[in-house]
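Visitor: predicted model and sequence below, questions to follow.
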Amino acid sequence: MLHIRTAQSSDVSTIQSIAYAAWRPTYGAILSEEQSKFMLDWMYSTETLTKSFTDQTVFLLAYDDQETAVGFAAFELKENQLVKLHKIYFLPDQQGRGYGRQLLEEVFRQALQRGGHFLELNVNRSNSARQFYERLGFEFSREEDNYIGRGYWMNDYVLRKELV
């Protein structure tokens, strides 16, 4: 059983640890090592994560039965009842246990509590995780190409789910 709690800024190092462990198994065949390093430094620096806690971003930490942090998610309420799921990652050896579904169900619940009606996320066009999200009721909304700097782009599908 997964235990989920709202993360605090004091959990930044735990979030970083999970992100760094999950990143290369997730994106190693999709992104170059240089782009991976750039994105990890950009998205998971202590400064960036600490700032996220002062914004409207909510981080959830997931723990296994041994109270070991095994995953996290981050989302924020945008305008027009839209909630944006920014991140969801699990340690590679914890994947395939149903934890992703459990954590997303908690995101759904909290998004509804905050007045959200739709949940959106971006998934890299080459990432097989798209099928996981579609099994949970997400539908294709559009494609996006976002320039992130240093010549790198995020080429994503945007998936959307109506929350009920």
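Guide: Received, thanks.

Visitor: make it CA atoms for all contacts and neighbour counts henceforth
Guide: Noted.

Visitor: residues making contact with the helix or strand of the chain with the lowest mean pLDDT?
Guide: Each helix and strand of the chain was given a mean pLDDT (mean pLDDT, DSSP states H and E); the minimum falls on helix 46-54 at a mean of 93. Identification of contacts with helix 46-54 by CA atoms under 8 Å, 6 or more residues apart in numbering yields Gln8, Ser9, Val12, Ser13, Trp42, Met43, Phe59.

Visitor: ok, and the most crowded of the residues you listed?
Guide: Phe59 (26 neighbours; other CA atoms under 10 Å).

Visitor: and the angle from the helix or strand hosting Ser36 to helix 46-54?
Guide: For Ser36, the host element (DSSP states H and E) is helix 33-43. Here helix 33-43 points in a direction 50 degrees away from that of helix 46-54 (axes from the mean of the first three to the mean of the last three CA atoms, to 10 degrees).

Visitor: in helix 33-43, what's buried?
Guide: Within helix 33-43, the residues scored as buried using 16 or more other CA atoms under 10 Å are Gln35, Ser36, Phe38, Met39, Leu40.

Visitor: what does stretch 13-26 give?
Guide: Ile15, Gln16, Ile18, Ala19, Tyr20, Ala22, Trp23, Arg24, Thr26.

Visitor: can you show me the strands along this protein?
Guide: 3-6, 58-63, 69-77, 82-90, 118-124, 139-149, 152-162 (DSSP state E).

Visitor: so what strands line up beside the shortest one?
Guide: Going back to what we said before, that points to strand 3-6. strand 58-63 (antiparallel) (DSSP bridges).

Visitor: chain center to the partner strand: distance?
Guide: Distance, stretch centre to chain centre, for strand 58-63: 10 Å (CA atoms, centre = their mean, to the nearest Å).

Visitor: picking up where we left off before, and the helix holding Ser36, how far out from the chain middle?
Guide: Distance of helix 33-43 from the chain centroid (CA atoms, centre = their mean) equals 16 Å.

Visitor: could you give the mean pLDDT of it?
Guide: Helix 33-43 carries an average pLDDT of 96.

Visitor: elements contacting that helix?
Guide: In terms of contacts (3 or more CA pairs under 8 Å, 6 or more residues apart in numbering; DSSP states H and E), helix 33-43 is packed against helix 12-27.

Visitor: which secondary structure elements does the helix it packs on contact?
Guide: Checking 3+ CA pairs under 8 Å, 6+ apart, helix 12-27 ends up next to helix 33-43, helix 46-54, strand 69-77, strand 82-90.

Visitor: ok and the first one relative to strand 152-162, angle-wise?
Guide: Counting by the same axes, to 10 degrees, helix 33-43 points 60 degrees away from the direction of strand 152-162.
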